[in-house]
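A.B. asks: requesting a structural model of the entry that follows:
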Amino acid sequence: MTDSDWELYVEENVVVARFPEGMPADESEFAKVNEEFEDLATQEDVTAHISFVQMEDALHEGVYEKAAEAARVGREYGIDKWAMVSDGIKKMAVASSINDVEGVETTTTSSFEEAMDWAREE
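C.D. replies: Numbering: from 1, shown residues only. Have a look, this model is predicted:
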């Protein structure tokens, strides 16, 4: 856990990122997230990622760029599935920026459990 309370961890074959309410929605915060993501992405057998977005603030354009950057880095390490979990439109906007990364399949859902089921599928 960090000062901003976001959290990244590996569960089975999935890197999970939890972005809670109240987390700063700025590019510099997501640069820190990407650093930790890259460390976790190198673990053997990790093939998918879930971003669980509970933040209420609007996301800045730089955040979408950081998401695409993370997807490109993840692809280099074999992460080819990326799920966005959120109740709002954020999931569609972030998924759209990730869809531009060749070789990465995306999905959006409002349910963390659905995202985990999808991420585990071979």
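A.B. asks: centre of the chain versus the strand or helix carrying residue 95, how much separation?
C.D. replies: When secondary structure is defined by DSSP states H and E, residue 95 falls within helix 90-99. The chain centroid and the centroid of helix 90-99 are separated by 10 Å, computed with Cα atoms, centre = their mean, to the nearest Å.
A.B. asks: which other helices and strands does it contact?
C.D. replies: If you count contacts as 3 or more Cβ pairs under 8 Å, 6 or more residues apart in numbering; DSSP states H and E, helix 90-99 packs onto strand 48-53, helix 61-76, strand 81-85, strand 105-109. Where C-beta positions appear, they are placed from N, C-alpha and C, glycine not excepted.
A.B. asks: from the contact counts, what lies against the longest one?
C.D. replies: Contacts defined by 3+ Cβ pairs under 8 Å, 6+ apart place helix 61-76 against helix 27-41, strand 48-53, helix 90-99.
A.B. asks: right, so of these, which gets closest to residue 69?
C.D. replies: Proximity to residue 69, assessed across those by Cβ to Cβ, is greatest for helix 27-41 (6.2 Å).
A.B. asks: now the angle from that closest one to strand 48-53?
C.D. replies: Counting by axes from the mean of the first three to the mean of the last three Cα atoms, to 10 degrees, helix 27-41 lies at 150 degrees to strand 48-53.
A.B. asks: ok, residues contacting helix 27-41?
C.D. replies: Among residues not part of helix 27-41, those counted as contacts by Cβ atoms under 8 Å, 6 or more residues apart in numbering are 2, 4, 6, 8-10, 15, 17, 19, 23, 46, 49, 60, 62-63, 65-67, 69-70, 73-74, 77, 79.
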